[in-house]
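A.B. asks: Need coordinates for the following:
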Amino acid sequence: MQINDLKKKKKNINHISDYISDHFGFDYLAVEEKIFSKNLLIEDEKIKVLKFSQKQKKKEKIPMKMFFYKKPILKSRVKNFNAALGLDIININSAIAEAAIIKTALSILKEEGYTNFQIVLNAIGDKESQQNWQKALSAFYRENKDKLKKIEQKKITKEPLSILFANKEYLNTLNAEAPSSLEFLSDKNIQHFQEVIEFLENFKINYTVDEKLVGEKLLFSKTIFKIFAEHPKTKKREEVAFGGRYDEIAAKTVHKRQFSAIGLTLHFQKKVKQKIKLKEKKVNIHLLKIGSTAKLKYLDIIDTFKNLKVPIRYDIEEEKISKQIQKAEKDKADYTLIMGEIEAKQDKVLIRKMKDSSQIEVSTDDLEKYIKKFIK
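C.D. replies: The predicted structure follows:
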């Protein structure tokens, strides 16, 4: 996690949602308001913001890997919300990117009073998987051409998805038997989707797979998801976030052969409107994680430190413990929190004092209480 200069942060970190985004490692990106328009789809929004972020990266010479941005609320489009925020991660291929974005969004929503979360998601694969799926759909509708009306028959070859997603009662039975995108995923895409689900299960969040979730413009690829939650005031269950991966279209946008990108946009009710006061913390803490179980659980540790208003530095991608230690030493860390495979399985963490290498094992349930002792 990159911690910016406190004076610079105070200009950008105004509310709890900004603080949480920054705490999880997202740098602030000041997106120009003219980028957003009344009828802008989230898929289009992500591409426009990606272009803007790349220009800023060249201009300011900053490594923009994880960023968040604020967007204006257009009253004609959104009801029951007074705030909107985007989260994006680029050039991280693994499912940890989905996990970090979803975990950050859930943390923001919880702080704003939302409850009863449910994530609806789907895997639609890469470009090749999607092409194979659409070919299968065309073949399926040709075989059942007699069950379609003339307006749908004209769409069999070039627009099979428009038949699948047509909101027409007479198509319901037929479409229920149509090929699913999940049937055409590559082994690599299947593994990625399974890893995303493993993170969700670790977060203890209810989720369902919706095979018809693909987005309005098919710009998203691999993983696509929505977050539903109970509104803190109306108590109605509403869609509060929508996002997904857009690797292929992102690669075209930045003119690179290989490029990954994932983004989510939140629309939420801001509970606490006054500005947050940032206080400089003298203690420097790094989180080191080792092993597959620790990889699943370390974001919960980051969330714990959010509650304490204590910054914690970590590397979202790095898995080698030697490199993580090197970074902590270079940054002159006071303490390192180490979660290895054994600790993760036992819901524990090692707190090591870097000055003399002394360490103590603490339960994750007791971590918040223990950390308070050395941040006073």
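
A.B. asks: Just want the most central residue of this structure.
C.D. replies: Centroid-nearest residue in the chain: residue 101, 2.1 Å away (criterion: CA atoms, centre = their mean).

A.B. asks: and that residue, what does it touch?
C.D. replies: Residue 101 makes contact with 87-89, 243, 262-264, according to CB atoms under 8 Å, 6 or more residues apart in numbering. Just so you know, the C-beta spots here come from the backbone N, C-alpha and C atoms, and that holds for glycine as well.

A.B. asks: Of the residues you listed, just say which sits nearest to residue 70.
C.D. replies: Distance ranking of these against residue 70, using CB to CB, places residue 87 first at 11.1 Å.

A.B. asks: Assign a three-state SS to that closest one, would you?
C.D. replies: The local conformation at residue 87, judged by DSSP: H, G, I helix; E, B strand; the rest coil, is strand.

A.B. asks: from what I can see it touches residue 18, true?
C.D. replies: No: in this structure, residue 87 sits apart from residue 18 without contact. The criterion is CB atoms under 8 Å, and the distance is 11.4 Å.

A.B. asks: Find residues that contact each of those two.
C.D. replies: residue 68.

A.B. asks: residue contacts, the closest residue to residue 234 other than its chain neighbours?
C.D. replies: Using CB to CB, 6 or more residues apart in numbering and skipping the chain neighbours, the partner closest in space to residue 234 is residue 80 (5.8 Å). Residues near residue 80 by CB under 8 Å, 6+ apart: 231, 233-234, 236, 238, 269.

A.B. asks: Filter those down to just the ones in strands.
C.D. replies: Residues of those located in strands (DSSP state E): residue 238.

A.B. asks: quick one: which of the contacts of residue 80 has the most company?
C.D. replies: residue 231 (20 neighbours; other CB atoms under 10 Å).

A.B. asks: what's the helix or strand for residue 189?
C.D. replies: Of the helices and strands defined by DSSP states H and E, residue 189 is found in helix 187-202.

A.B. asks: And for that helix, what's in contact with it?
C.D. replies: For helix 187-202, the external contacting residues (CB under 8 Å, 6+ apart) are 94-96, 98-99, 102-103, 119, 121, 123, 125-126, 129, 185, 207, 222-223, 296-297.

A.B. asks: so where's the chain uncertain?
C.D. replies: Residues of the chain meeting the criterion pLDDT under 70: 1-10, 61-63, 74-79, 216-217, 272-273, 278-281, 375-376.

A.B. asks: Scan it for its longest helix.
C.D. replies: Selection of the longest helix in the chain by residue count, based on DSSP state H, yields helix 42-60.

A.B. asks: Next SSE downstream of it?
C.D. replies: Beyond helix 42-60 on the C-terminal side, the first helix or strand identified by DSSP H and E is strand 66-70.

A.B. asks: That following strand pairs with which strands?
C.D. replies: strand 27-28 (parallel), strand 83-90 (antiparallel) (DSSP bridges).

A.B. asks: still on that earlier bit, could you export the contacts of residue 80 to JSON lines, including columns for distance to residue 156?
C.D. replies: Converted to JSON lines, those look like this (distance: CB to CB, whole Å):
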{"residue": "231", "distance to residue 156": "41"}
{"residue": "233", "distance to residue 156": "47"}
{"residue": "234", "distance to residue 156": "43"}
{"residue": "236", "distance to residue 156": "39"}
{"residue": "238", "distance to residue 156": "36"}
{"residue": "269", "distance to residue 156": "44"}
